[in-house]
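Q: got a predicted model here, sequence first, then my questions.
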Amino acid sequence: MAVGMYFTPSGFTADKYDEVIKRLKAGAGAPAGRTFHVALESNGEIQVFDIWEAQEQFEAFGATLLPILAEVGTAPGQPMVARVHNVIEG
């Protein structure tokens with residue numbers, strides 16, 4: 001079952017986001033199971049919305065992502081998680 005994950009971490013600036021992406025591209029930039037990724041900017045902070053094929057795949061990716069977030073000084077906070085009902089492209 002596909003799930004949507006919406007993160008609104010505090011203090012997650014565009015510079016911090018860009019650094020995280022740079023570090024992930026060194027080997028984990030396209031994790032298995034993630035089908036969609038959007039970074040939204042609001043009031044100078046980045047919010048992230050992902051769609052994953054299964055929550056277990058997201059949790060496996062967390063083992064790679066969380067240490068990188070800690071290194072750049074950001075905690076993801078508690079995501080909003082919801083079952084994906086429909087996706088329309090275009």
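A: Yep, it's here.

Q: where's E19, which helix or strand?
A: Assessed by DSSP states H and E, E19 sits inside helix 14-24.

Q: so what touches that helix?
A: Residues from elsewhere that reach helix 14-24, judged by C-beta atoms under 8 Å, 6 or more residues apart in numbering: 29, 39, 41, 44, 46, 48, 64-65, 68-69, 71-74. In this view, the C-beta of every residue, glycine as well, is placed from N, C-alpha and C.

Q: just those residues now: which is nearest G4?
A: V48 (11.0 Å; C-beta to C-beta).

Q: quick check: beta-bridge partners of the closest one?
A: F7, A39 (DSSP bridges).

Q: count of neighbours near it?
A: Neighbour count of V48, defined by other C-beta atoms under 10 Å: 18.

Q: could you report the pLDDT at it?
A: Reading off the confidence values, V48 has pLDDT 97.

Q: show me what the lengthiest helix in the chain is packed up against.
A: In terms of residue count, the longest helix belonging to the chain (DSSP state H) is helix 55-71. Applying 3 or more C-beta pairs under 8 Å, 6 or more residues apart in numbering; DSSP states H and E, one finds that helix 55-71 contacts strand 3-7, helix 14-24, strand 34-42.
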